[in-house]
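Student: 3D, please:
(2 chains)
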Amino acid sequence: MKTGFPSKYVLNGIYLILTCAKAFYIIAEFMHLRHEIKNMIMTIAMPALIFVWFIIAFLWDGSSYNALRNRYDAHYRDANKVKIAPPSEPTDKEHGSKEE
Amino acid sequence: MAQAIPAGQKWWSGGKSPFNVEYGKLMMWYFLMSDSFTFGAFLISYGSIRFATNGWPDPNHVFRAFPFMGETNLPLVFVSLMTFILIMSSVTMVLAVAAGHAGDRKQVTFYMILTIIGGLMFLSCQAWEWWHLHGEGAWWGRNPFPNADGSRASTNFTNLFFTITGFHGFHVFSGVIINIIMLIKNLRGDFERRGHYLMIEKAGLYWHFVDLVWVFVFTCFYLL
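Tutor: You can find the predicted model right below:
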């Protein structure tokens, strides 16, 4: 798990795609929604689609808030530079305090 | 179960369900939709808090223990087992619903018992995981795990973890209670007298939903 290949972002993308595929099959086959009539499917599926926008909007908001704090709140920004433990994924050696 | 639909059926002319679904089952679907908004709100707040934070603990480091194995380094093995147990109990629930369609009371009993056992196994696993994390010093308001980059983590990680997995665990618990009630009703012959096993189907919908939520909880907390 510490190889750095494929990159974390590629792996996360694969996890999310597989999660959505699994969720689709649980709803469609186990919960039998695929075999209901179309009006019924739509009353469930359309409200659920709001989540797509919810997720985009709130993650966007979160990262914007983080960027603002890193820019204007020096205490917040510097708190992350104090290391209390060796990094669990030794990707950047210069932060490992024990080797100095 | 949907009946055979004649061609040119006018669904909205009145006198029948325009969704071709029994009332209680439709209401179960809408309850589950509102419940998905609850869990969605939880997971979206988790996501926005995580995006608003510079560092986050590494799940491969936090979740690396396994029961009765001493000091281990098996990242995510135990939680994968939990996921497998829950999906298997979902499969036995599908088989119970199928047995209900066939009107086979003995098979329904058999698969409901298996489903209940699966649910109890999942709850036991979660109890062990909470107990273990509590032993490591993690609880609401306390977080012993550093961020992946070695800096000090906030308590957001443990607060969100215990709140959301706790909420999900409570749903599993109530699902097991519902399944036990369905098993008792089936043993008393209630469904056989009634002539259909729609109650098993509704309990099944709830049970699959619990499994569905776990898929997202698992991804958010353990994989990403």
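Student: Next SSE downstream of the helix or strand where B:Met27 lies?
Tutor: Taking DSSP states H and E as the criterion, B:Met27 maps to helix B:23-51. Where DSSP H and E defines the elements, the next helix or strand beyond helix B:23-51 is helix B:59-62.
Student: Could you pull out the buried residues of the lengthiest helix in chain A?
Tutor: Across chain A, the helix with the greatest residue count (assigned by DSSP state H) is helix A:38-72. Residues A:40-41, A:44, A:54, A:58-59, A:62, A:66, A:69 are the ones in helix A:38-72 that count as buried (16 or more other Cβ atoms under 10 Å in any protein chain shown). For every residue, glycine as well, the C-beta is placed using N, CA and C.
Student: May I have the next helix or strand after it as CSV, with CA atoms only?
Tutor: The C-terminal neighbour of helix A:38-72 among helices and strands, as given by DSSP H and E, is helix A:74-79. Extracted in CSV, the C-alpha atoms of helix A:74-79 (Å, rounded to 0.1, in the frame of the first residue of the first chain):
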residue,chain,number,x,y,z
ALA,A,74,-0.9,31.6,9.6
HIS,A,75,-1.5,29.7,12.8
TYR,A,76,-3.7,27.2,11.0
ARG,A,77,-1.3,26.9,8.1
ASP,A,78,1.8,26.3,10.3
ALA,A,79,0.1,23.9,12.7
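Student: tally of neighbours for the residue nearest to B:Gly141 when sequence neighbours are not counted?
Tutor: Nearest non-adjacent residue to B:Gly141, counting by Cβ to Cβ, 6 or more residues apart in numbering or on different chains: B:Thr155, 5.5 Å away. Neighbours of B:Thr155 under the rule other Cβ atoms under 10 Å in any protein chain shown: 13.
Student: Could you pull up the residues touching B:Thr155?
Tutor: Residues in contact with B:Thr155 (Cβ atoms under 8 Å, 6 or more residues apart in numbering or on different chains) are B:140-143.
Student: which of those residues are buried?
Tutor: Buried, going by 16+ other Cβ under 10 Å: B:Asn143, out of the contacts of B:Thr155.
Student: can you list the contacts of B:Thr155 in a markdown table and add pLDDT and secondary structure?
Tutor: Formatted as a markdown table, the contacts of B:Thr155 follow (pLDDT from 0 to 100; DSSP: H, G, I helix; E, B strand; the rest coil):
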| residue | pLDDT | secondary structure |
| --- | --- | --- |
| B:Trp140 | 95 | coil |
| B:Gly141 | 93 | coil |
| B:Arg142 | 93 | strand |
| B:Asn143 | 93 | coil |
